[in-house]
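Undergrad: 3D model of this:
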Amino acid sequence: MVKKLTREDHLIEIQSLISNNQYHKALSELKKVVEEYPDDYKLRINYGNIHHFLGNITEAKNEYEKSLELSKSKEALNNLAVIHIEKRDYENAIKLCNDAIGIDASYADAYYNISLCFELLDDYTESLNNLNKCLDIDGNHFKAMILKYKVAQNTCDWPVISELEKILNDNIEMGLEHPFMNVSRYDDESINYRNARSWQKNNQSNIVSNDISLSKTKNEKIKIGFMCGEFRNHPTFFLIKNLFKHINRKLFNIYVFSYAHENYCREYIEKDVDNFIDINDQSDDLIETKVKSFNLDILIDLSVLIPHNKMSIIKRKLAKSTVSYLGFPGTSCAENYDYIIADRIVIPETEREFYSEKIIYLPKFYQVNDGEIKARQFDNNNFKLKHQLPLNKIILSCFNQSFKIEKSLFECWINILKKHKSTVIWLLKENQIMQNNITKFASSQGIEIDRIIFADRLPRDMHLQRLCLSDIALDTLTYNGHTTTTDAIQCGIPIVGFSGNHFASRVSHSLLKSINLNELVAFNLEEYSKKIQNLIEDDVYREQISKKLRSHEFMSDFYNLEKFTRDFEKALISIMN
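TA: Coordinates of the predicted model:
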């Protein structure tokens, strides 16, 4: 007589399956246990957790809600809140976390999730309030420290950054600091590699897919897939949107797998590809099935590690080769990426050891652009007044996001303003706290606050129009302007670029070298300051640079998207070979 397994026996077996990355089998076993013990709310939570891990968001949500019907537990409330955060439903996520706190006022994770919601809503005051509550309860809540650092970056709160820097540096191996944050604050490829490796080890388990094998049938044409969650008002869309128009359709079939897109972006792209597949709000299993049905030779992930990525699905080996491109400036340290597309400036040959991916080099520059000249002529005086810019000053602009503005960089700008009374600096206003901190610091250094001008966010076309009012564009250090450097070049604005010690800090160098303007690349702050001041002091030199940037002949290679596409195609063919 076969002994009937107890609840505990089942759970031991399920835990063993999970330990061996057999999540689908664990899910199947747990389903049987839930059916046998339908009133056990903790089993429902665990069942929801595995669904969540496998990307079955709807099923996970249903299980957490069923658990709450059985018992209103703080864990189910908090886990359900995480689902709402992933669906960008921050209002309901905050409500659920507050309900969890109502059960347990010392529930640090709930305060953390509330602070995360407010950070995503750009409400940094409320985010900090809840972060401080979380850290009051648990002073070692490392995720809260990391989020506090991120908020400090976004608000240019340099004292807090200084306070937390050492803590983050001492805990690289914990695998809790997101690789994007690490490359935004540390321009050292070896450190970035160590951090990405520990992040992957801690956050990305090996998932056994749902047993759909890749076909070994050879395709008539090379089948290329692009996976992306940024076909919306996002730099990735603006950079790559015209590449698809030029791909040789006699050689390639092109498929786009898109989520979180806006309709106008979809309409723009889908006429230039074989198939635009909407994978929004679909389970990982369903996405895997869809992608594998196309028998792709190469899948290019345009998101990689940036927020709301699909790395958990990419891990399932969806194509014969998988490529990281454009979305993340560094190594993912994820086994699922076979290649990364770069150039020899952003990843020098000497830095190959710090990349888990094989490197495919494009001959000139890696970062695609839309091939469109943005420089415009208009009545500058009226347009300057419209944007609250002085008529008789040299406009130094930096429209990079505020997290890129470091204290040492801003001090450099302050010294330039002190030496050159004819200048003002024009920054993007990311949030009110950032503006207050910047203004306060400038004022403490003796700079009149009307010489720091803040610009609100505008629709892209309007932003590019006003960018043409700049006289000199200023790059950032550890994390360069990437799209913003391209914007300045396309608007005919001389930009002083900075070249550092990792991918993210070498993009401006790559772009300026590609247009034979190495003279505008600085390798330290002293050079950077001198190059900016040369442009301020020499009107003729500044105008010469601007004329070059507006010259069709001088800029022909930069805008030759068809040539870029041929080089891009050769890179893909080299993967096939």
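
Undergrad: next structured bit after the helix or strand Leu135 falls within?
TA: Here Leu135 is covered by helix 124-137, with elements defined by DSSP states H and E. Toward the C-terminus, helix 124-137 is succeeded by helix 142-154 as the next helix or strand (DSSP H and E).

Undergrad: Buried ones in that next one, by neighbour count?
TA: Lys143, Ala144, Met145, Ile146, Leu147, Lys148, Tyr149, Lys150, Val151, Ala152, Gln153, Asn154 (16 or more other Cβ atoms under 10 Å). The C-beta positions use only the backbone N, C-alpha and C, and glycine is treated the same way.

Undergrad: just to revisit the earlier point, dump the helix holding Leu135 to PDB, restricted to CA.
TA: Taking C-alpha atoms only, helix 124-137 is exported to PDB below (Å, rounded to 0.1, in the frame of the first residue of the first chain):
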ATOM      1  CA  TYR A 124      11.000  62.400  -4.300                       C
ATOM      2  CA  THR A 125       9.700  64.000  -1.200                       C
ATOM      3  CA  GLU A 126       7.300  61.200  -0.400                       C
ATOM      4  CA  SER A 127       9.800  58.600  -1.600                       C
ATOM      5  CA  LEU A 128      12.400  59.900   0.900                       C
ATOM      6  CA  ASN A 129       9.800  60.000   3.700                       C
ATOM      7  CA  ASN A 130       9.000  56.300   3.300                       C
ATOM      8  CA  LEU A 131      12.600  55.400   2.700                       C
ATOM      9  CA  ASN A 132      13.500  57.000   6.000                       C
ATOM     10  CA  LYS A 133      10.700  55.100   7.800                       C
ATOM     11  CA  CYS A 134      12.000  51.800   6.200                       C
ATOM     12  CA  LEU A 135      15.500  52.500   7.400                       C
ATOM     13  CA  ASP A 136      14.400  53.500  10.800                       C
ATOM     14  CA  ILE A 137      12.800  50.100  11.200                       C
END
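
Undergrad: and it, what does it pack onto?
TA: Applying 3 or more Cβ pairs under 8 Å, 6 or more residues apart in numbering; DSSP states H and E, we find helix 124-137 packed against helix 108-120, helix 142-154.

Undergrad: Need the ones you listed in JSON lines (columns: mean pLDDT and distance to Asn46).
TA: Below are the helices and strands packed on helix 124-137 laid out as JSON lines (pLDDT from 0 to 100; distance: least, Cβ to Cβ, whole Å):
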{"stretch": "helix 108-120", "mean pLDDT": "98", "distance to Asn46": "17"}
{"stretch": "helix 142-154", "mean pLDDT": "97", "distance to Asn46": "22"}
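
Undergrad: between the ones you listed, which one is nearest to Ile425?
TA: helix 142-154 (18.8 Å; Cβ to Cβ).

Undergrad: Which of the residues in the lowest-mean-pLDDT helix or strand in the chain are classified as buried?
TA: Least confident helix or strand of the chain, by mean pLDDT, DSSP states H and E, is helix 7-19 with a mean of 81. In terms of neighbour count (16+ other Cβ under 10 Å), helix 7-19 has its buried residues at His10, Leu11, Glu13, Ile14, Leu17, Ile18.

Undergrad: Now do the next helix or strand along the chain from it: which elements does it pack against?
TA: Of the helices and strands lying after helix 7-19 in sequence (DSSP H and E), the nearest is helix 23-36. When contacts are defined as 3+ Cβ pairs under 8 Å, 6+ apart, helix 23-36 sits against helix 7-19, helix 41-53.

Undergrad: Quick one: residues contacting the spatially most central residue of the chain.
TA: For the chain, the residue sitting closest to the mean C-alpha position, by Cα atoms, centre = their mean, is Ile306 at 3.2 Å. Residues near Ile306 by Cβ atoms under 8 Å, 6 or more residues apart in numbering: Phe180, Glu230, Gly327, Phe328.

Undergrad: From Pro307, how far off is the third one?
TA: When you say that, I think you mean Gly327. 10 Å (Cβ to Cβ, to the nearest Å).

Undergrad: Leu428 now?
TA: In terms of Cβ to Cβ, Leu428 sits 20 Å off from Pro307.
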